[in-house]
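Colleague: A predicted structure for the sequence below; I have some questions about it.
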Amino acid sequence: MIEAGTKAPQFELSDHLGRKVNLKQFAGRRHVMLLFYPLDFTPT
Amino acid sequence: MERLQARFLQANTQVLGVSVDSVYCHANWGRDLGGISFPLLADFHPKGEVAGRYGLYLPDAGITDRATVIIDAAGVVRHASSVTPSGERDIEALAALCEGVNREHGQALQPVQKIPGVSNEAVLYVKSSCGFSRAALLARDNLHLQQQITVKNVTEDPSAMAQLKQLIGKEQAPCLVLDGKPILESAIIIQQLVSRAAPL
């Protein structure tokens, strides 16, 4: 698992509405919380 | 998660879900949950690549660990934890962590923009058995816009078809009427709805 204090790896993925979302677009604007899910239909 | 959304917004934090399912599965999941207020990202092709970069892909099982990573606005990882695939996240505790990151780091950030929203008079004309109509309907559900957008099915309702023809001079659906103006093409309709209801 990635460690606190390291630079976050970049990514660009499509979301459920078909938008491209990448980490860069939040730089300097917003913090980001990534919730990794094992599979869909398994909330929390 | 949904009820804590306001706290994350306050803490200038964008929540993003990530799993190895396709965008198509995500769209349906969002609908089954009654709409979700954060984007779900498909780490699907190549499978689990982004999770792998974060050291969270479990190749033997072909799934992602149930893990959470908080990244500050400077792009530095501030927190990473796993509750294992069968565990349950403590969203309350994560909200507190995001608030902590924001206290240290949030002063220079622009406040979260006001969301323009969709007025209550919006109407979405759709056809039965039409993939483009279905896509527009799915976006309406996923963006929690069921209250704001009235749906009229022109295949089932001749008076709706007459209205549509009067509006745009042809029988083309889906058609979204937003602020009195008709918008055609599902991709453009979805883009409009997203930019008004869930801008990133």
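Modeller: Structure's in. What do you need?
Colleague: Report whether the expected contact of B:V15 with B:F38 is present.
Modeller: Yes: here B:V15 reaches B:F38: they are 4.0 Å apart, a contact under C-beta atoms under 8 Å. Quick note: C-beta positions are derived from backbone N, CA and C, even for glycine.
Colleague: Looking only at neighbour counts, state which of the two leads.
Modeller: Between B:V15 and B:F38, counted using other C-beta atoms under 10 Å in any protein chain shown, B:V15 has the larger neighbour count: 23 against 19.
Colleague: who are the neighbours in contact with that one?
Modeller: Remark: with contacts taken as C-beta atoms under 8 Å, 6 or more residues apart in numbering or on different chains, B:V15 is in contact with A:V32, A:M33, A:L35, B:M1, B:Q5, B:F8, B:F38.
Colleague: So among the residues you listed, where is pLDDT lowest?
Modeller: Across those, the bottom pLDDT score, 65, is held by B:M1.
Colleague: tell me which parts of chain A are close to chain B?
Modeller: Proximity of chain A to chain B is confined to A:1-9, A:11, A:13-19, A:21, A:23, A:25-41, A:43-44 under the rule C-beta under 8 Å from any C-beta of the partner chain.
Colleague: Going through those, which ones are buried?
Modeller: Burial by neighbour count, judged by 16 or more other C-beta atoms under 10 Å in any protein chain shown, picks out A:2, A:8-9, A:11, A:13-19, A:21, A:23, A:26-27, A:29-40 from those.
Colleague: Mark which of those are part of strands, please.
Modeller: With strands identified by DSSP state E, the entries of those that belong to them are A:L13, A:S14, A:D15, A:V21, A:H31, A:V32, A:M33, A:L34, A:L35, A:F36.
Colleague: and the longest helix that chain B contains, average pLDDT?
Modeller: The helix spanning the most residues in chain B, taking DSSP state H as the definition, is helix B:91-105. Confidence for helix B:91-105, expressed as mean pLDDT, is 92.
Colleague: Equivalent analysis for stretch B:143-155, please.
Modeller: 92.
Colleague: what comes up buried for it?
Modeller: Across stretch B:143-155, burial judged by 16+ other C-beta under 10 Å covers B:L143, B:H144, B:L145, B:Q148, B:I149, B:K152, B:N153, B:V154.
Colleague: OK, contacts around the residue lying closest to the last one once chain neighbours are set aside?
Modeller: So that's B:V154. Leaving aside its sequence neighbours, B:V154 sits nearest to B:M161 (C-beta to C-beta, 6 or more residues apart in numbering or on different chains; 4.1 Å). Contact criterion C-beta under 8 Å, 6+ apart gives B:V154, B:T155, B:E171 as the residues in contact with B:M161.
Colleague: for chain B, which residue is closest to the average position?
Modeller: The residue at the geometric middle of chain B, judged as the C-alpha nearest the mean C-alpha position with C-alpha atoms, centre = their mean, is B:P39 (4.2 Å).
Colleague: where's it relative to B:A95, distance?
Modeller: Using C-beta to C-beta, to the nearest Å, one obtains 18 Å as the distance from B:P39 to B:A95.
Colleague: repeat for B:V194
Modeller: Using C-beta to C-beta, one obtains 25 Å as the distance from B:V194 to B:A95.
Colleague: go on, B:I63?
Modeller: From B:I63 to B:A95 the distance is 25 Å (C-beta to C-beta).
Colleague: before we move on, the earlier item: of the buried residues of stretch B:143-155, which pair is most distant in space?
Modeller: Distances among the buried residues of stretch B:143-155 were taken as C-beta to C-beta; the most separated pair is B:H144 and B:V154, at 24.4 Å.
Colleague: Any stretches of chain A with poor pLDDT?
Modeller: Residue ranges of chain A with pLDDT under 70: A:40-44.
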